[in-house]
Each structure stands twice: as C-alpha cells, then as structure tokens.
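Peer 1: show me the folded form of this:
(one chain, ligands or ions: 1)
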Amino acid sequence: MISIIVAIAQNGVIGKDNQLLWHLSDDLKRFKALTTGHTVVMGRKTYDSLPFRPLKNRRNIIISRNMPEGEGYEVVRNIDTALVRATSDKESFIIGGEQIYRETVNEVDQLIVTWIYRDFEGDTFFPKINPAIWGIKERSGRMLDEASGLEYEYVTYEKI
Ligand SMILES: NC(=O)c1ccc[n+]([C@@H]2O[C@H](COP(=O)([O-])OP(=O)(O)OC[C@H]3O[C@@H](n4cnc5c(N)ncnc54)[C@H](OP(=O)(O)O)[C@@H]3O)[C@@H](O)[C@H]2O)c1
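Peer 2: A predicted model of the protein is given here:
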C-alpha cells in the first residue's frame, strides 16, 4: 500500500521558502508513528528541508535528477523507479513536497491528510482533492492544538 501523507492548510498551502508553516506536535508524533519501520519517498527539496536527515528507522528514497548517492538514503532519478521500490514494502509513504505530490497523486492508494483550518500564505500547494475520485475513509473530527491555537483534523481518503 502506498499512501501520500501531507498536512494542508485550508487554502491548499503546504509550505513556504522550503519550510513548513506551522508546528503541530501531535501531527509530528503521528507522522513518526505511521512511517517508522517503513519506506518514505520524497523530493530532493523536501529532503533538504528536513531538520534531521535521513529520517531515522525508515528507508529514505529521494527523487532527484542531480543529487549524488549518500550514506543512509537511496536516490532515484524518476518517479516510476521510486514507486517500484516503494511497492516492495507493505507500507510506503510519499512525504512531499508539491512536485512529488502532483506527480504521484494519481498513483497512490490513499491520502493521509492533516487539514489545518486556517489560511496560510505560502509558495507550495497540494493539488485539489477530487471528491469524484477520493472518498473519506476515516476522520478524527476537529481538534485544537493548545500550543499554536490551530484547529486541525486527520482525514484519510481512499479511491472510490
Ligand atoms: N505540509 C506538508 O505536509 C509538506 C510535506 C513535505 C514538504 N512540504 C513542503 O513542500 C515544499 C517543497 O516542495 P517542492 O515542490 O518545492 O519540492 P519537492 O517536491 O520536495 O522536490 C522537488 C525536487 O524533486 C526532484 N524531482 C521532482 N520531480 C522529479 C522527477 N519527475 N524526476 C526526478 N526528480 C524529480 C527535483 O530534484 P533536483 O532539483 O535535485 O533534480 C526537484 O527539484 C517545502 O516548502 C516543504 O516544506 C510540505
């Protein structure tokens, strides 16, 4: 099973200046819990944006046309190779960013979304989730992050 995992502001924004725009500690813990022990696939820019890299206790696959191979991660030169490698794990996660989401959204089995119920100004976006293709499999209901004051919700979509 290949899933996209993403946190999206209600206006579609996912990042700015190669950074995230919010800090939701529960969401980060959930990301770690879901992805640990599995394969994570990301674009080179998202890899560069990680504060600690490669992500520990996960198979890190980075998509890049130029980045050299290195210790603790694999580099692939195109999306197809990334997807083939991802299918060798029972659970794999596409973890961003915008370019990689756009290029894989039609290929994955589910979307694991954290909706942030606020507009943010940013420069990277998640493509519109088409309700004719994606149905809601489960949702957490709205929650409040006390530290940031942000309201958020976990929604998992599967192909109809
Ligand atoms: N909110 C969230 O959940 C979330 C999650 C992840 C990331 N983000 C945000 O997203 C932003 C980054 O997104 P982005 O769209 O700028 O970058 P990105 O998708 O992370 O990476 C883009 C890079 O991936 C490589 N690439 C893309 N398509 C390729 C292909 N078909 N074949 C080979 N290589 C390919 C290229 O690397 P080379 O240039 O090396 O060739 C390209 O420059 C940041 O702001 C980050 O914080 C948000």
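Peer 1: buried stuff in stretch 79-89?
Peer 2: Neighbour counts over stretch 79-89 (16 or more other CB atoms under 10 Å) mark 79, 82-83, 85-86, 89 as buried. Every residue, glycine included, has its C-beta placed from N, CA and C.
Peer 1: how much distance is there from that stretch to the middle of the chain?
Peer 2: Offset of stretch 79-89 from its chain centre (CA atoms, centre = their mean, to the nearest Å): 16 Å.
Peer 1: rounded mean pLDDT for it, please.
Peer 2: Throughout stretch 79-89, pLDDT has a mean value of 97.
Peer 1: got the CA positions of it in CSV?
Peer 2: Extracted in CSV, the C-alpha atoms of stretch 79-89 (Å, rounded to 0.1, in the frame of the first residue of the first chain):
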residue,chain,number,x,y,z
ILE,A,79,9.0,8.8,-10.2
ASP,A,80,8.5,5.3,-11.7
THR,A,81,11.6,3.9,-10.0
ALA,A,82,10.6,5.4,-6.7
LEU,A,83,7.1,3.8,-7.0
VAL,A,84,8.6,0.4,-7.9
ARG,A,85,10.9,0.5,-4.9
ALA,A,86,8.0,1.7,-2.7
THR,A,87,5.9,-1.3,-3.6
SER,A,88,8.5,-3.7,-2.2
ASP,A,89,7.4,-2.5,1.3
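Peer 1: got the contact list for that stretch?
Peer 2: The contact list for stretch 79-89 (CB atoms under 8 Å, 6 or more residues apart in numbering) reads 2, 38-39, 41, 59, 61, 63, 74, 76, 92, 94, 100, 103-104, 107.
Peer 1: the same query, at a cut-off of 10 Å, please.
Peer 2: Stretch 79-89 is contacted by residues 1-3, 37-43, 58-59, 61-63, 74-76, 78, 92-94, 99-100, 103-104, 107-108 when judged by CB atoms under 10 Å, 6 or more residues apart in numbering.
Peer 1: how about the residues of this structure near the ligand?
Peer 2: Residues of the chain lying close to the ligand (CB under 6 Å from any ligand atom) are 6-7, 14-16, 18-20, 42-46, 49, 63-67, 77-79, 95-100, 103, 124.
Peer 1: redo that, cut-off 5 Å
Peer 2: By CB under 5 Å from any ligand atom, the residues of the chain that approach the ligand are 6-7, 14-15, 18, 20, 43-46, 49, 63-67, 78-79, 96-100, 124.
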